[in-house]
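Peer 1: Here you go, sequence then predicted model.
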Amino acid sequence: MKRYRSGLVLSALVAAGAGVVLWDRAHTTTADLEARRRSVWRAFHRERVDRVEVEHLGVHYTLARRGPAWTVRTPRGARPADAVEVERVLSEVEGSEAARTLGPLDAASRQRFGLDHARASVEVWEGTTLTARFSVGGAVEREDRVYVEAAAQEGGAGASLGVVLPKSFGDLFDRDAMAYRDRAVADIDASRLDRIAVRGTGTAALELARRGGVWDLTTPAWGRAARGAVDAMTSQLRELRAERVVGDDLDAATLQRLGLEPPRTRVEFRRGTIEPIVLRLGEACEGHDGEVAAMRDGTGTVVCVTRAFADALRVQPEGLRDDHVVSARTDEISRVRIGGAAPGGAELVLQRTGSQWTALPSSVEVDAEAIESWLAQVHDLAASQRLDGDVRAAHGLEPAGRVIRIEREGVEGEERVRVGAADATGFYASRDDEPIVLRFAASAADTLRIDALRFRPRALVHDAVDDVQALLLDAGSVHEEIVRSGDVFRMSRPFSAEADRALVLDVGRQIATLEVERWVGAELRPEYGLAAPRLRLVARYEGAGAVEHDGGVDASVPRVRTYAFSVGATAPGGGSYATIDGGPGVFVLPRAFVEQISRPHLDHGLVMVPREGLTRLALRFMSPPHAVTLVRDGERWRTEGGAPADDTRVDAMLGQVRAMGAPRVFSYGPATVEQGFAAPSATVEATYAGDAGARTLRLTVGARYGSGEGAGFYVRRDGIDATLSWPESVIDALRGFTP
């Protein structure tokens, strides 16, 4: 058996090889076979190619592969090649399909087609096998194609044929070796850098140092750098690629012309004790205004990078200065520690888990929306001024009255906000250990000088909307007392009259479901204006209260419930500071709610002229003088002189005055001079018959107010000490009426 072993092994290998060939043929698809038949180089196998020899305008270079890597070889040496560009070459050769075949070319044809002095001659090798050979000639007239002389169509050194191929094929080979060079400049992970230094003739000296997840401006010494500006500066460093390669080991005169020796800008990137990466940035690349010459120290290779990348690195220090109190985005923050904010002056810790927030001590109830809202306000808070020198002690920052520590998910270290004092010019804070004191608007105190109450859930009242029974309101000149009787709300102050049911029910609904805009804190400060509130509202509810979802009634809810609010000054950003009697502290009420409860709630229908029971209607206008009096005669209307009136016109006019209530109730008490009642523009007297005898409704129309759709007239009703209004359309209907 030993004697025949070698022969048996050889036979097995041959059989196996034949099997592979047969398998390959059997598994080659019809589409693959058809594509190979149409291809100029039918025996080309791109996966086997390991060498491409190019002669371009008399200069020879080679694209060579060793393992997965490609190199560009020139007489000056070998350099890494751009794998993407090499793949483009192989794809173009593999997919080449002739627009037409010209056959063998004689000398005259080769000259006519520009092939006697070809722009490029190429040989493609698979090991020792020449799989494709061709020369690129001139462009085809009036076509986006090029003449090519191709040989080795079947994998051998066969006869040459003229073919017409797309211009993109010719352009790919009508290039020098630099076009195939690897354009990778650097691969810098900005999150792992420690320092960035920028020097140059056109750029102010600039140095950045990273501390945890925060970058500081150390030159000039301006403290924390703007995160967005640093991100813009470093965002393209990862897998940085040039637009093109200019050359290697260029002489001093060329480097000087390109602004690289000395460099117009020198940028140094450091990470620990590792050798720094240094980039030189120069002038615009010749023929490419949107690109800048660049060179990485130690390579000797000059490239062109985008001007946008260069400009980001050439940023002036002012563009990096950060006057915001924190740089962390709200969605990154994982933990907040607020010194002295918990009950008893302990530290309050807010911890995020997913979209949920919890607090320590656990007895503190927090609302995720309230925390997120506060974080957004802190993130947006920017200083109006930086104070000169180290004046921390003078502004309550050394030691700080309170320190807020903010941690980011997956980032070492923390941001610290030191909260200082306030004075007549503003509110003061500093960041981390910076000596820089930042002055903020006085309203910043609401954002930074906080306690645990700030994060309390916003829901303040939960009651039954229909249980509202009484309202007592004191707001400037508006003093009202409104009591419910069945479905009717009546005012007993400032006078006896019906209140507007819809308005009162709307106030009752808003109170019963009231959510504060935000909680401010437990401490009453002078700026809240609550020592002498501008508005006082008391609401009384009677009944079972809000019914829970399980259908039961909470027996612990008192039968009578009173909510008393004091409203003070306007808060920054809208709304008003307020407290509720017996409540935990100060909150901000929504502006719309404060406006709703501040206005008079008198029945807006008091200026309507009902038709039921109407026996006489007198209209009198002063300018121009005009008067009309209608008297009811059975089912018809006549003028006071006895002439019959047009029922259609009368119905239209009465429809206006009986359907339109007052758009606004302006005020209680005597009319003001500007309301024009000293010289009224019109009067309306309506007389009604009834069991108790005749009664007269008298309305006096004052001056016009507003413009456009908001225009109207001031109106007062005898016996009601208040100024209401009529829309302009009602006055126009009365003024234009003719019986």
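Peer 2: On my side now, so go ahead. Numbering: from 1, shown residues only.

Peer 1: how close does G401 sit to G340?
Peer 2: Note on G401: its distance to G340, by Cβ to Cβ, to the nearest Å, is 8 Å. In this view, the C-beta of every residue, glycine as well, is placed from N, C-alpha and C.

Peer 1: Then P80?
Peer 2: Using Cβ to Cβ, we find P80 at a distance of 60 Å from G340.

Peer 1: Hmm, L260 is touching M295, no?
Peer 2: Yes. L260 is within contact range of M295, at 5.3 Å (criterion: Cβ atoms under 8 Å).

Peer 1: Show me the common contact partners of those two, please.
Peer 2: 280, 282, 302 (Cβ atoms under 8 Å, 6 or more residues apart in numbering).

Peer 1: Please flag which of these sit within strands.
Peer 2: Judged by DSSP state E, those include 280, 282, 302 as members of strands.

Peer 1: Can you give the domain ranges for this protein?
Peer 2: In terms of domains, the chain is parsed into 32-180, 184-319, 330-455, 465-546+558-598, 604-735 (source: automatic domain parsing).

Peer 1: roughly how far is the last one from the heart of the chain?
Peer 2: What that stands for is domain 604-735. Relative to its parent chain, domain 604-735 has a centroid offset of 53 Å by Cα atoms, centre = their mean, to the nearest Å.

Peer 1: what about that domain, how long is it end to end?
Peer 2: Terminal residues of domain 604-735 are spaced 22 Å apart (Cα to Cα, to the nearest Å).

Peer 1: re earlier: ok, the shared contacts of L260 and M295 vs R66, which is closest?
Peer 2: V302 (26.1 Å; Cβ to Cβ).

Peer 1: Might one say that that closest one is in contact with A293?
Peer 2: Yes. Using Cβ under 8 Å, V302 is in contact with A293, at 6.0 Å.

Peer 1: Now list whatever residues contact both of those two.
Peer 2: Applying Cβ under 8 Å, 6+ apart, one finds that V302 and A293 are jointly contacted by 246, 258, 260.

Peer 1: Just the ones in strands from those residues, please.
Peer 2: Short answer: the shared contacts of V302 and A293 in strands (DSSP E) are V246.

Peer 1: any chance of the domains of the chain in JSON lines, with mean pLDDT and mean neighbour count too?
Peer 2: Formatted as JSON lines, the domains of the chain follow (pLDDT from 0 to 100; neighbours: other Cβ atoms under 10 Å):
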{"stretch": "domain 32-180", "mean pLDDT": "89", "mean neighbour count": "16"}
{"stretch": "domain 184-319", "mean pLDDT": "93", "mean neighbour count": "17"}
{"stretch": "domain 330-455", "mean pLDDT": "93", "mean neighbour count": "17"}
{"stretch": "domain 465-546+558-598", "mean pLDDT": "95", "mean neighbour count": "17"}
{"stretch": "domain 604-735", "mean pLDDT": "92", "mean neighbour count": "16"}
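
Peer 1: how about G300, what does it touch?
Peer 2: Taking Cβ under 8 Å, 6+ apart, one finds 248-249 in contact with G300.

Peer 1: how close does it sit to D187?
Peer 2: Taken as Cβ to Cβ, the span from G300 to D187 is 19 Å.

Peer 1: do the same with L471
Peer 2: From L471 to D187 the distance is 70 Å (Cβ to Cβ).

Peer 1: next one: H626
Peer 2: Applying Cβ to Cβ, the value for H626 to D187 is 89 Å.

Peer 1: What segments of the stretch 51-200 of the chain are strands?
Peer 2: 51-56, 59-66, 69-74, 77-80, 100-103, 120-126, 129-139, 145-151, 161-166, 184-186, 195-200 (DSSP state E, counting those that start in this stretch).

Peer 1: Now render the ones you listed as JSON lines, adding distance to A682.
Peer 2: Output for the strands of the stretch 51-200 of the chain, formatted as JSON lines (distance: least, Cβ to Cβ, whole Å):
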{"stretch": "strand 51-56", "distance to A682": "98"}
{"stretch": "strand 59-66", "distance to A682": "98"}
{"stretch": "strand 69-74", "distance to A682": "96"}
{"stretch": "strand 77-80", "distance to A682": "94"}
{"stretch": "strand 100-103", "distance to A682": "95"}
{"stretch": "strand 120-126", "distance to A682": "97"}
{"stretch": "strand 129-139", "distance to A682": "90"}
{"stretch": "strand 145-151", "distance to A682": "90"}
{"stretch": "strand 161-166", "distance to A682": "88"}
{"stretch": "strand 184-186", "distance to A682": "84"}
{"stretch": "strand 195-200", "distance to A682": "77"}
